[in-house]
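J.: I'd like to go over a predicted model; first the sequence, then the structure.
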Amino acid sequence: MDPREPATLRELGEPGDLGWVVMTHGEVYAREFGWDARFEEVVATIVGDFARAHDADRERAWVALVDGRRAGCVFCVRDPEDPSSARLRVLLVDPAARGHGIGGRLVDQCVGFAREAGYARVTLWTNSVLTSAQRIYRAAGFVLVDEERHHSFGHDLTGQNWELDLRQLQ
């Protein structure tokens, strides 16, 4: 994959997209952070829930392509606890395609869709070790609202909740 090639974004839905999202998350996070298969299980649940029962008017997912190959993804889903909020989920950029703005484009796509779909805010949960993602979230206007230590995926981690108030962007 040549990361100098411009990336294109398309909606998730081609054969293999769902499996690629789950597999790539599992492999990348195991390689880069030593996370175990429980993380892949979490991603599989998110992806499976989306595939099984998403509302196309209020929930979408995108895949970034470089040279016709999958290079990244992001999901925008309704927050089941607050229907006025969207959740940004499973943002990932393939390591071979990093450093070329794909993550920012995916986040912008998610935020733009959330605004058009009428959400008041976008929230996300991540972990403090994902520093590159944090830079992307800050650049898009997200604010860190709280942190909590937890033990997941075979490691002691610090979970973070971020929020973007879309009403302030109008």
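T.: Structure's in. What do you need?

J.: Kindly provide the whole-number mean pLDDT of stretch 64-72.
T.: For stretch 64-72, mean pLDDT rounds to 95.

J.: Alpha carbons only: can I get that stretch in CSV?
T.: In CSV, the C-alpha atoms belonging to stretch 64-72 read as follows (Å, rounded to 0.1, in the frame of the first residue of the first chain):
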residue,chain,number,x,y,z
ALA,A,64,-10.8,4.4,3.8
LEU,A,65,-9.1,3.0,0.7
VAL,A,66,-5.6,3.5,-0.6
ASP,A,67,-4.7,2.0,-3.9
GLY,A,68,-8.1,0.2,-3.7
ARG,A,69,-7.1,-1.6,-0.4
ARG,A,70,-8.7,-1.0,2.9
ALA,A,71,-6.6,1.4,5.0
GLY,A,72,-8.9,2.6,7.8
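
J.: contacts for that stretch?
T.: With contact meaning C-beta atoms under 8 Å, 6 or more residues apart in numbering, stretch 64-72 is reached by 1-3, 5-10, 17, 20, 24, 63, 73, 91-94, 96-97, 102-103, 105-106. Every C-beta, even on glycine, is put in place using the N, C-alpha and C of the backbone.

J.: Those in strands, which ones?
T.: In this view, the contacts of stretch 64-72 that belong to strands under DSSP state E are Thr8, Leu9, Arg10, Val63, Cys73, Leu91, Leu92, Val93.

J.: so what's the fifth one up against?
T.: So the one you mean is Cys73. 12, 17, 20-21, 24, 61-64, 90-92, 106.

J.: Output those in a markdown table; the columns should cover neighbour count and distance to Val143.
T.: Shown next, in a markdown table, are the contacts of Cys73 (neighbours: other C-beta atoms under 10 Å; distance: C-beta to C-beta, whole Å):
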| residue | neighbour count | distance to Val143 |
| --- | --- | --- |
| Leu12 | 20 | 27 |
| Asp17 | 19 | 31 |
| Trp20 | 19 | 31 |
| Val21 | 27 | 27 |
| Thr24 | 21 | 28 |
| Ala61 | 26 | 24 |
| Trp62 | 21 | 23 |
| Val63 | 22 | 27 |
| Ala64 | 25 | 25 |
| Val90 | 19 | 21 |
| Leu91 | 21 | 17 |
| Leu92 | 22 | 22 |
| Leu106 | 27 | 19 |
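
J.: Dump the residues you listed into JSON lines; add distance to Ala117 as well.
T.: Below are the contacts of Cys73 laid out as JSON lines (distance: C-beta to C-beta, whole Å):
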{"residue": "Leu12", "distance to Ala117": "16"}
{"residue": "Asp17", "distance to Ala117": "21"}
{"residue": "Trp20", "distance to Ala117": "25"}
{"residue": "Val21", "distance to Ala117": "21"}
{"residue": "Thr24", "distance to Ala117": "26"}
{"residue": "Ala61", "distance to Ala117": "13"}
{"residue": "Trp62", "distance to Ala117": "14"}
{"residue": "Val63", "distance to Ala117": "19"}
{"residue": "Ala64", "distance to Ala117": "20"}
{"residue": "Val90", "distance to Ala117": "18"}
{"residue": "Leu91", "distance to Ala117": "18"}
{"residue": "Leu92", "distance to Ala117": "22"}
{"residue": "Leu106", "distance to Ala117": "16"}
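
J.: With that, I have no additional questions.
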